[in-house]
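> What follows is a predicted structure for the sequence shown.
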Amino acid sequence: MLDTLNASSVLEVLKPVQDPELHKSLVELNMIRNVKIEDGNVSFTLVLTTPACPLRQFIVEDCERAIKTLPGVNKIDVEVTAETPSQKSLPDRTGIAGVKNIIAVSSGKGGVGKSSVAVNVAVALAQAGAKVGLIDADIYGPNAPTMLGLEGVGVTVRPGAQGDIIEPAFNHGVKLVSMGFLIDKDQPVIWRGPMLNGVIRQFLYQVEWGDLDYLIVDMPPGTGDAQLTMAQAVPMAGVVIVTTPQTVALLDSRRGLKMFQQLGVPVLGIVENMSYFIPPDLPDRRYDIFGSAGGEKTAQELNVPLLGCVPLEIPLREGGDSGVPIVAGDPDSASAQALRAIAQQIAAKVSIAALT
Ligand SMILES: Nc1ncnc2c1ncn2[C@@H]1O[C@H](COP(=O)(O)OP(=O)(O)OP(=O)(O)O)[C@@H](O)[C@H]1O
């Protein structure tokens, strides 16, 4: 049978080709579809489990290599698409209709770059072709609107059958709602806390999110009420913990991580931000401003993956201030590359968890 070129021989030679992360046959996972043969030209659709698949090229090449073992192959055309699976549902928590995966970004301590990571991961996933929403639930520093170029834009609220419906703001491919749209900047922080639980629920269930592959939630720092509300209200695909290599930040992030583990929220991994600094005018120098390898050590100790390390770079801060996230404004910079790879890691881990 393998000495002729037809749709079934193509499927047959593709059977041993595995998804490198799920360790299962692409054919058995129904990731190979629409196989067509015309005058020795083989075409098919490869349906990945996330548009941000880090191993996309690798999988395509594996398929091409397998198909070339058949006789009479002239050309191979692979159309790559993706269908992101939905996270597993939990009996005691209500998901959001149309939203496949909710991912929290958290940190034990403020100022470690949690919002910068959340915003850039959201934009990187959107750039890869995913449908992405972002909830900025950080009452103390709701800076996602500024970082996404949406400061002063606000949201539209209209009456719906079951209360008000918020239409999210949109920029860089990401739908956004933020505490910053609702609170007065001069309002003392102490008054914001009590609003928080109600607002988080509103942001989850009363926003016109539409269909989303990923809803990223930029959490307030620490391990307070907001984290509890979130973790208990919705089923979460997982949480990403942002830290710096510094010991204090590490201790705090450990506490945060334990809390999520106790609440049954999978910890997808740790992002080490501000890992090192390479002066633009002295590219051979590297300064470990906040110490080194802290994220790696914590990840090992706590037995969770290190998703990546983001260097300190001036354009990352400037991009945040000017509303053009670094993955959009300077995609080739070291920090943008690290953030894109982190987004891919997150997407891959979420898909694996949904499918296994
Ligand atoms: N890798 C980096 N390189 C340069 N600047 C960075 C980096 N990460 C974050 N920053 C800057 O540090 C500041 C704090 O970052 P960010 O607001 O993302 O932190 P946060 O943890 O969300 O803080 P908060 O707790 O106040 O919400 C911002 O001005 C941001 O632009």
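In hand now; what should we look at?
> Quickly note the distance from the residue nearest to Tyr287 when sequence neighbours are not counted to Val240.
Leaving aside its chain neighbours, Tyr287 sits nearest to Phe277 (4.6 Å; criterion: Cβ to Cβ, 6 or more residues apart in numbering). The way it works is simple: take the backbone N, C-alpha and C, and place the C-beta from them, glycine included. Using Cβ to Cβ, to the nearest Å, Phe277 is found at 23 Å from Val240.
> got it, and Pro20?
Between Pro20 and Val240 the computed distance is 22 Å (Cβ to Cβ).
> between those two, which one's more packed in?
A count of neighbours by other Cβ atoms under 10 Å puts Val240 above the other of Pro20 and Val240, at 25 against 13.
> CA-only coordinates of the one helix or strand that one maps to in CSV, if you can.
Using DSSP states H and E, Val240 maps to strand 238-243. Provided in CSV are the C-alpha atoms of strand 238-243 (Å, rounded to 0.1, in the frame of the first residue of the first chain):
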residue,chain,number,x,y,z
GLY,A,238,-3.6,28.0,35.3
VAL,A,239,-1.6,30.7,36.8
VAL,A,240,1.7,32.2,35.7
ILE,A,241,3.9,33.7,38.5
VAL,A,242,6.1,36.6,37.7
THR,A,243,9.2,37.2,39.8
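> Show the secondary-structure elements that that strand is packed against.
Identification of packing neighbours for strand 238-243 by 3 or more Cβ pairs under 8 Å, 6 or more residues apart in numbering; DSSP states H and E yields strand 99-106, helix 114-127, helix 247-262, strand 267-277, helix 294-302, helix 334-355.
> 6 Å instead, please
Other elements packing on strand 238-243 under the criterion 3 or more Cβ pairs under 6 Å, 6 or more residues apart in numbering; DSSP states H and E are strand 99-106, helix 247-262, strand 267-277.
> looking at the ones you listed, which one has the lowest mean pLDDT?
If you rank those by mean pLDDT, helix 247-262 sits at the bottom with a mean of 74.
> ok, for Gly243, nearest residue in space, not its chain neighbours?
To be clear, residue 243 is Thr; Gly isn't right here. Ser253 (4.1 Å).
> Was I right to think the one you found contacts Gly108?
Yes. With contact defined as Cβ atoms under 6 Å, Ser253 and Gly108 form a contacting pair (4.1 Å).
> Comparing these two, which shows the higher neighbour count?
Ser253 (27 against 24).
> Quick check: residues of the stretch 151-300 of the chain near the ligand?
Listed as neighbours of the ligand in the stretch 151-300 of the chain under the rule Cβ under 6 Å from any ligand atom: Pro221, Asn273, Met274.
> Report pLDDT for the first one.
Same thing as Pro221. 76.
> And the strands in the stretch 51-200 of the chain?
In the stretch 51-200 of the chain, the strands defined using DSSP state E, counting those that start in this stretch lie at 75-82, 99-106, 132-136, 156-160, 163-167, 169-171, 174-178.
> Least reliable of those strands by average pLDDT, please.
Note on the strands of the stretch 51-200 of the chain: lowest mean pLDDT is at strand 156-160, with a mean of 85.
> Pop the domain breakdown of this structure in here.
Domain assignment for the chain, taken from automatic domain parsing, gives 7-82, 99-355.
> Near the ligand, which residues of the stretch 1-150 of the chain? Just list them.
Neighbours of the ligand within the stretch 1-150 of the chain, by Cβ under 6 Å from any ligand atom: Ser107, Gly110, Gly111, Val112, Gly113, Lys114, Ser115, Ser116, Asp138, Gly141, Asn143.
> From Lys349, how far out is the third one?
Yep, that's Gly111 we're talking about. Where Lys349 is concerned, Gly111 sits at a distance of 26 Å (Cβ to Cβ).
> Compare these two (neighbour count), which wins?
A side-by-side neighbour count of Gly111 and Lys349, using other Cβ under 10 Å, places Lys349 first with 21 against 12.
> So the more buried one is in contact with Val267, correct?
No. Using Cβ under 6 Å, Lys349 makes no contact with Val267, being 10.0 Å away.
> could you dump the helices and strands packed on strand 238-243 to TSV with distance to Gly163?
Putting the helices and strands packed on strand 238-243 into TSV (distance: least, Cβ to Cβ, whole Å) gives the following:
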stretch	distance to Gly163
strand 99-106	18
helix 247-262	29
strand 267-277	32
